[in-house]
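Visitor: Prediction below, plus the sequence it came from.
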Amino acid sequence: MSLKSSENKSPATIASNRKTQAYILGAGAGVLFGLLAAYLFARSADEVAYQHGGETQQVSAGQMLTIAVALLGLMRQISELGKPPQPKK
């Protein structure tokens, strides 16, 4: 029975491990961010409902579109983290 040391790993194995770690980290961060966003939304909706006698407000399509565009921008910025910096011209 032989154990492989980290020095003997192929570049493909190292890349695969890096991808797996990125997926796990991304999924964990997404779950935490999603739970925090849901908590903040629910708390805000409860406050508004309390102030308006139990009546809740509907989220408009414009508000959802604004959030979707902001999330796309955030995802683009995150994807740029994996690229090397551009040389200055």
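Guide: Good, I have the coordinates. Numbering: from 1, shown residues only.
Visitor: Could you pull out the buried residues of stretch 81-89?
Guide: Using 16 or more other CB atoms under 10 Å as the test for burial, stretch 81-89 gives no buried residues. All C-beta atoms are positioned from the backbone trio N, CA, C, and that covers glycine.
Visitor: Do me a favour and average the pLDDT over that stretch.
Guide: Average pLDDT, stretch 81-89: 84.
Visitor: and Ser5, what pLDDT?
Guide: What the model reports as pLDDT for Ser5 is 52.
Visitor: In the chain, what helix or strand scores lowest on average pLDDT?
Guide: Lowest by mean pLDDT, DSSP states H and E among the helices and strands of the chain is helix 11-51, with a mean of 92.
Visitor: Now Ala49. Nearest residue, chain neighbours left out?
Guide: Thr56 (5.0 Å; CB to CB, 6 or more residues apart in numbering).
Visitor: ok, the residue nearest the centre of the chain to Gln57 distance?
Guide: Of all residues in the chain, the one closest to the mean position by CA atoms, centre = their mean is Gly30, 4.1 Å from it. Distance of Gly30 to Gln57, given as CB to CB, to the nearest Å: 26 Å.
Visitor: same check, this time on Leu40
Guide: Leu40 is 15 Å from Gln57, by CB to CB.
Visitor: any idea which element Gly54 lies in?
Guide: For Gly54, there is no enclosing helix or strand under DSSP states H and E.
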